[in-house]
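*Asks:* take this sequence and fold it.
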Amino acid sequence: MQALRWHGVKDLRVETIEEPQASAGKVKIKIEWCGICGSDLHEYAAGPIFISQGTNHPLTHEQAPVVMGHEFSGQVVEVGEGVTKVKAGDRVVVEPIFACGKCTACKQGKYNLCEHMGFLGLAGGGGGFSEYVAADEHMVHKIPDSVSYEQGALVEPSAVALYAVRQSQLKVGDRAVVFGAGPIGLLVIEALKASGAAEIYAVELSEERRQTAESLGAIGLNPAEVDVVAEIHRLTNGGADVAYEVTGVPVVLTQAIQSTKLSGQIMIVSIFEKEAPIHPNQIVMQERNITGIIGYRDVFPAVISLMSQGYFSSEKLVTKRIALNEIVEQGFEALLKEKNQVKIMVSPSL
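*Replies:* Numbers count the residues shown, from 1 in each chain. Okay, here's the model as predicted:
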């Protein structure tokens, strides 16, 4: 089968590899759609970050080159011995987290904080940028007919967004600001709407992305035209209740901190490629608090339920659909060069 594999920075190759099998406890899935994630882009431009290179990952026992892609949907074509949760023909998505089940975090049920945690499509185990993938039964979630395969490929990033809002101190009626209106930032806006935020501000340089944020119900702010910290304080009469940092840019983290009210919260959702200097007094003197999330846990069913109610729609988020053999130039390079792109979907069937 054809699959995209990471060999190194700026070195992605569509190659012919062996098709995975539905061994005991595994579910073989024919891929319909897979989205290019910001994490994938970080690996392409500046990795390895989550990808093991030089040594095997402790859970998958694989290292680069590995198949990429972890935001995907598809149809079950075969199940291995002992699988009872799904059957051939089921429409599914995969929660792509590998966890050891033995460390302190896993014993507490916080499997996304596993000390050996890895992502299918980054740590090995196959990936969504391929024709087929074989996933462990417990990672597979069925989607209803009301959720399209394309929307299903948004379940994984939507889970990041919903988990970020759930883990924050946001309450119904609060005011929130989202720094960065890329795919995850836009999905955070959707999650904030579903969670009862009264006002949502979106700080974004890209005109197209800012317009998309506004179409989702946010109030767009262009940091090139206004002092966003001062403007947020003016509009909210003292600062946002919660700020979500979704850019991974050091200076933006400082803006996120300064934009919150007394005792406000800053939720870091993005992955940073380099250190971000902050002044502790901006936290101490205002009694603010900073927290962060990695991935998600126990939210896929809630996301799928919200999707069936109309949330996290793909119509406003997907800006391009391409074939697997176009993925490097029309996918990864396009996301680096074209700031109007939001979510690019890839299908091995096109």
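*Asks:* in which helix or strand would I find Ile29?
*Replies:* Element membership for Ile29 (DSSP states H and E) is strand 26-35.
*Asks:* helices along the chain, start to end?
*Replies:* 38-46, 104-107, 149-152, 155-167, 183-194, 207-215, 228-236, 250-259, 281-284, 300-308, 333-337 (DSSP state H).
*Asks:* who's in contact with the spatially closest residue to Arg297 that is not a sequence neighbour?
*Replies:* Among residues not flanking Arg297 along the chain, Asn112 sits closest, at 4.5 Å (C-beta to C-beta, 6 or more residues apart in numbering). In this view, the C-beta of every residue, glycine as well, is placed from N, C-alpha and C. By C-beta atoms under 8 Å, 6 or more residues apart in numbering, the contact set of Asn112 is 97, 99, 294-297.
*Asks:* just the buried ones from those?
*Replies:* Burial by neighbour count, judged by 16 or more other C-beta atoms under 10 Å, picks out 97, 99, 295-297 from those.
*Asks:* for Gly173, which residues are in contact?
*Replies:* Gly173 makes contact with 196-198, according to C-beta under 8 Å, 6+ apart.
*Asks:* got a pLDDT number for it?
*Replies:* As predicted, Gly173 sits at a pLDDT of 98.
*Asks:* show me what counts as buried in stretch 50-67.
*Replies:* Those would be 50-52, 57, 59-60, 62-67, for stretch 50-67 by 16+ other C-beta under 10 Å.
*Asks:* so which pair among those residues is furthest apart in space?
*Replies:* Leu59 and Pro65 (17.7 Å; C-beta to C-beta).
*Asks:* other residues contacting stretch 57-65?
*Replies:* Contacts of stretch 57-65 (C-beta under 8 Å, 6+ apart): 5-8, 13, 48, 51-56, 98-100, 116, 118, 123-125.
*Asks:* 7 Å instead?
*Replies:* Contact with stretch 57-65 is made by 5-7, 48, 51-56, 98, 100, 116, 118, 123-125, as judged by C-beta atoms under 7 Å, 6 or more residues apart in numbering.
*Asks:* and for stretch 316-335?
*Replies:* So stretch 316-335 is in contact with 2, 4, 12, 14, 36, 41, 44, 129, 150, 154, 183, 186, 212, 215-216, 340-348, 350, going by C-beta under 7 Å, 6+ apart.
*Asks:* let's see 6 Å
*Replies:* With contact meaning C-beta atoms under 6 Å, 6 or more residues apart in numbering, stretch 316-335 is reached by 2, 4, 12, 14, 36, 41, 44, 186, 212, 215, 341-346, 348, 350.
*Asks:* average pLDDT across it?
*Replies:* For stretch 316-335, mean pLDDT is 96.
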